[in-house]
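S.K.: no FASTA, just this:
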């Protein structure tokens, strides 16, 4: 073959006629420019791999009490379901009572407003709880190759929930104080104990949530770094 | 038989059959025994939850391993790494190249030491390499690994080759 007839002269168009023609050309184009990896005898690698497989599969493992594991697993599932059910029932109950009091013409406007706002906030919280659970479910049933991406999405939902909880502590604070103060006035009692208790509860909730917030932010940072 | 008692039977059967597989896989991702147990329980919980959605068209082994790998991938990514493994694997074992006729350092260890070193080396691999290598060491085929990780068999081949090379170098370098 002279120079002009060479298939390599045609840019981007290489026609290979036979297997013997193909091999040298492919070898040249696929060879790395430089390599410091010494070629090894594949039989030695295979032997090493076989040994590793044998070692791996014969690893001693602790024996699990499967009956106990089943019991624990069922308990955990039960408590998780119960917790979600309580959230939903409580939300419906709060809204139901508020609507009932309003429809029946109750004079206790203060309680109606309190329950109404609490009910709406509760709906938002339940929405986030369900969203977080669904995200977690997606992590466990999807592709392990995308597990980290799904975990980031789940972590972000969780973070939004935590932020909402923290903001609602501030939002509820004046409202709860007003409610406790007005109720105490109506019953001719000192509002001090009620106010202290309400604010202490709100501060405790805020601090616990803040700790979770810091933990989730760290986790999310690590997840993002691992991508 | 009601579905709940049926699920209990299936769960017990699966956990009994695949307990070793799960424990082995966990060893490839986590060194601390207490956390290994927590992860095992977490995987069991997720298998229990996923049981109703199991379809007969996929193998139980694949289904169980996929759930385990999802939990472990997230765990590894969230965990604080005590040793940062950013070293180029090629650089680690400059001194590890040796006469092929001599037993490698790995071969000269006793079985328990080899198992410990193997697990330790696997934990030093990249996540995607840990995933393929733990499944391949369990004797899974390319197709099974691809089904577990929901990737193509070609990609399994590429990742496994790299993972094997990196693992062997890590084992020899220690």
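M.R.: That came through, no problem. Computed from a predicted model, the values in this text were never measured in an experiment. Numbering: from 1, shown residues only, chains lettered A, B, ... in the order given.
S.K.: Skipping its backbone neighbours, what lies nearest the residue positioned nearest the centre of chain A in space?
M.R.: Against the mean C-alpha coordinate of chain A, by Cα atoms, centre = their mean, the closest residue is residue A:154 at 2.4 Å. Residue nearest to residue A:154 in three dimensions, not counting chain neighbours: residue A:135, with 3.6 Å by Cβ to Cβ, 6 or more residues apart in numbering or on different chains. In this view, the C-beta of every residue, glycine as well, is placed from N, C-alpha and C.
S.K.: how near is the one you found to chain B?
M.R.: Distance, residue A:135 to chain B, by Cβ to the nearest Cβ, to the nearest Å: 11 Å.
S.K.: how about that residue, what does it touch?
M.R.: By Cβ atoms under 8 Å, 6 or more residues apart in numbering or on different chains, residue A:135 lies in contact with A:150, A:153-154, A:157-158.
S.K.: Buried residues, the host helix or strand of the residue nearest to the centre of chain A. List them.
M.R.: For residue A:154, the element it lies in under DSSP states H and E is helix A:147-186. Buried residues in helix A:147-186, counted by 16 or more other Cβ atoms under 10 Å in any protein chain shown: A:147-148, A:150-155, A:157-159, A:161-162, A:164-166, A:168-169, A:172, A:176-177, A:179-180, A:183-184.
S.K.: so where is chain B shaky, pLDDT-wise?
M.R.: Of all residues in chain B, those with pLDDT under 70 make up the ranges B:1-4, B:57, B:80-108, B:174.
S.K.: Any residue of stretch B:143-152 touching chain A?
M.R.: Yes: Stretch B:143-152 comes into contact with chain A (Cβ under 8 Å from any Cβ of the partner chain), by way of B:148-151.
S.K.: want to throw the residues you listed into CSV with secondary structure and distance to residue B:158?
M.R.: CSV is the format used below for these (DSSP: H, G, I helix; E, B strand; the rest coil; distance: Cβ to Cβ, whole Å):
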residue, secondary structure, distance to residue B:158
B:148, helix, 16
B:149, helix, 12
B:150, coil, 16
B:151, coil, 10
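S.K.: What are the boundaries of the helices in chain B?
M.R.: Here chain B has its helices, by DSSP state H, at B:3-27, B:33-50, B:60-78, B:89-92, B:111-123, B:127-137, B:142-149, B:153-173.
S.K.: In CSV, list those helices along with mean neighbour count.
M.R.: Converted to CSV, those look like this (neighbours: other Cβ atoms under 10 Å in any protein chain shown):
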stretch, mean neighbour count
helix B:3-27, 17
helix B:33-50, 18
helix B:60-78, 23
helix B:89-92, 15
helix B:111-123, 18
helix B:127-137, 24
helix B:142-149, 21
helix B:153-173, 18
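S.K.: Out of the ones you listed, which gets nearest to residue A:127?
M.R.: Put simply, out of those the one that sits nearest residue A:127 is helix B:33-50, at 21.0 Å, with distance taken as Cβ to Cβ.
S.K.: now the closest one: how far from the chain's centre is it?
M.R.: Using Cα atoms, centre = their mean, to the nearest Å, the mean C-alpha position of helix B:33-50 is found 15 Å from that of the whole chain.
S.K.: Closest to chain A out of the residues of stretch B:143-152 next to chain A?
M.R.: The nearest member of the residues of stretch B:143-152 next to chain A to chain A, counting by Cβ to the nearest Cβ, is residue B:150 at 3.4 Å.
S.K.: and the residue nearest to that closest one when sequence neighbours are not counted, how many neighbours does it have?
M.R.: Counting by Cβ to Cβ, 6+ apart, the nearest residue to residue B:150 once its immediate chain neighbours are dropped is residue A:143, at 3.4 Å. For residue A:143, the neighbour count with other Cβ atoms under 10 Å in any protein chain shown is 16.
S.K.: who touches residue A:143 in this structure?
M.R.: Contact analysis of residue A:143 by Cβ under 8 Å, 6+ apart lists B:66, B:149-151.
S.K.: Roughly how far does the residue nearest to residue A:154 sit from residue B:125?
M.R.: In this structure, residue A:135 and residue B:125 are separated by 28 Å, where distance is defined by Cβ to Cβ, to the nearest Å.
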